[in-house]
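Participant: Next come a sequence and a model predicted from it.
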Amino acid sequence: MKVFEEVLTQYEPMISAIIRKLHIYRDFEQYRQVGRVALWQAWKRFDKNKGNFTPFAYRSIRGAMLDEMKRKNRFEDHVMPTEDEVLTEWVEAKGTWAEPWNESLQLAIEKLSRQEIELLKWLFAERRTQAECACLAGVSVPAIKKRQERILGKMRKMLKTPYEEGRNEDGAMGRLSRIEQ
C-alpha cells in the first residue's frame, strides 16, 4: 500500500486541473487545501473491490471544492456589502441615506471634482466597464484604474466608517472589510 505523500504527489496535478475547470480565480491555496483533504479522505475510504481509485478521487475532490464554493457563497450572503455595492447603492439612491456614516459618504462625494463624480457614476450607477469609461473619458484603461484607485483612496481618507475597525494594517486598498451582520 502506498504512503499518502506518494498519492498526494501523484494527484496534485488533478487538484490543479479541477481548480481550473471550476473557474476558481482566487483563494487558490484554500481550494488546493480543500482538494488535499478530500483526497486524503478518499484515500482512507477507498475500497479496492469497488473499482479504480482515480475516478473516485476526482469525484471526491471536485465535490469537496463545490461544497466549499457553496459555503463561501452562503457566507457572503450574510456579510456587509463591499465598497462597490455601497457606492452603487448611494449613487442609485442619489445620496439620500439617513445613517451617520452614509452622511459622511455623501459629504466625501461632494468634495470630489466633477470628473471624479462622473467616473463614480459611470462605474457604479451605470455599471460600465473600465474599458467603456476609458472610451468616454478619452484615456486608457490603466488610467481609469488609477483614477478609480485614487478616488476611492481619497474617499477612504475622508470617511470615518464602522468598517475602520476591520481594516488591516496597510489600509486595505481593495474592498472594505467585511463584517458579519
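Facilitator: Here it is on my side, so go on. It should be emphasised that the depicted structure is a prediction, and the values quoted were computed from it without experimental measurement. Residues are numbered from 1 along each chain as shown.

Participant: residues touching the residue nearest to G35 when sequence neighbours are not counted, list them.
Facilitator: In this structure, G35 finds its nearest non-sequential neighbour in I15, 3.7 Å apart by Cβ to Cβ, 6 or more residues apart in numbering. The way it works is simple: take the backbone N, C-alpha and C, and place the C-beta from them, glycine included. For I15, the set of contacting residues under the criterion of Cβ atoms under 8 Å, 6 or more residues apart in numbering consists of R32, G35, R36, L39, I61.

Participant: mind saving the C-alpha coords of the helix or strand in which I15 is found as PDB?
Facilitator: Under the criterion DSSP states H and E, the helix or strand holding I15 is helix 4-21. Extracted C-alpha coordinates of helix 4-21, given in PDB (Å, rounded to 0.1, in the frame of the first residue of the first chain):
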ATOM      1  CA  PHE A   4      -0.300   9.100   1.300                       C
ATOM      2  CA  GLU A   5       2.600  11.500   0.400                       C
ATOM      3  CA  GLU A   6       3.100   9.500  -2.800                       C
ATOM      4  CA  VAL A   7      -0.600   9.600  -3.600                       C
ATOM      5  CA  LEU A   8      -0.700  13.400  -2.900                       C
ATOM      6  CA  THR A   9       2.300  13.900  -5.300                       C
ATOM      7  CA  GLN A  10       0.600  11.800  -8.000                       C
ATOM      8  CA  TYR A  11      -2.800  13.600  -7.700                       C
ATOM      9  CA  GLU A  12      -1.600  17.200  -7.100                       C
ATOM     10  CA  PRO A  13      -2.000  17.900 -10.900                       C
ATOM     11  CA  MET A  14      -5.600  16.600 -10.700                       C
ATOM     12  CA  ILE A  15      -6.300  19.100  -7.900                       C
ATOM     13  CA  SER A  16      -4.900  22.000 -10.000                       C
ATOM     14  CA  ALA A  17      -6.900  20.800 -13.100                       C
ATOM     15  CA  ILE A  18     -10.200  20.700 -11.100                       C
ATOM     16  CA  ILE A  19      -9.500  24.300  -9.800                       C
ATOM     17  CA  ARG A  20      -9.100  25.400 -13.400                       C
ATOM     18  CA  LYS A  21     -12.200  23.600 -14.600                       C
END
